[in-house]
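Engineer: Pasting a predicted model and its sequence here:
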Amino acid sequence: MVQIHASVEINVTLDKVWNIISDLDSEPKFWKGTKEIRNISRDGNVVNREVTIAFKDSKCMQTVTIYPKEKIHIEFTKGIIDGTKTITAITLGDKTRVDVSWDIKLSGMMGIFTAMIKKHIQSGTEQALQSIKQETER
């Protein structure tokens, strides 16, 4: 498994940040590795969806659990990626810190490329956080 961590401090309140990060349908706008999302079902705070990622236009199934104004936990349940991605929002007075943690590997024979994609996911995560920061601080 590869672990990736990134965070950013944003100069706005948690509410404004939460409105952006919890809008699951707008994920491709910020996360360039996410090409398309198709929601399959929603049961309260749990969403099952199919996501097309940039890596070979692969499709992954995800279960997304939203913990309001705290975190979003994404579990890859089927496809080329095994593992989790967690986005956490933390209030720091009048600022908000957003932390992203990945614990993943490529499945099956693709597992040998896991280390290679780590830098791409790290870079994409840092870019996504900067995009979220720019959007919320406007």
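Structural biologist: Arrived safely, thanks for sending.

Engineer: now the strands for this structure?
Structural biologist: When assigned using DSSP state E, the strands of the chain occupy the ranges 2-10, 34-43, 46-53, 59-67, 71-78, 81-92, 95-106.

Engineer: which parts of the second one are buried?
Structural biologist: By neighbour count, with 16 or more other Cβ atoms under 10 Å as the criterion, the buried positions of strand 34-43 are 34, 37. (Glycine included, C-beta is placed from N, CA and C.)

Engineer: mind starting the numbering at 34 from now?
Structural biologist: That works, and once the first residue is 34, the last one we named lands at strand 67-76.

Engineer: now that strand: how far from the chain's centre is it?
Structural biologist: Per Cα atoms, centre = their mean, to the nearest Å, the displacement of strand 67-76 from the mean C-alpha position of its chain is 13 Å.

Engineer: what do you get for the last one?
Structural biologist: On the basis of Cα atoms, centre = their mean, strand 128-139 sits 7 Å off its chain's mean C-alpha point.

Engineer: Compute the inter-axis angle for it and strand 35-43.
Structural biologist: With axes from the mean of the first three to the mean of the last three Cα atoms, to 10 degrees applied, the angle from strand 128-139 to strand 35-43 works out at 160 degrees.

Engineer: looking at the strands of the chain, which is closest to Trp51?
Structural biologist: Distance to Trp51, taken as Cβ to Cβ, is lowest for strand 114-125 among the strands of the chain, at 5.9 Å.
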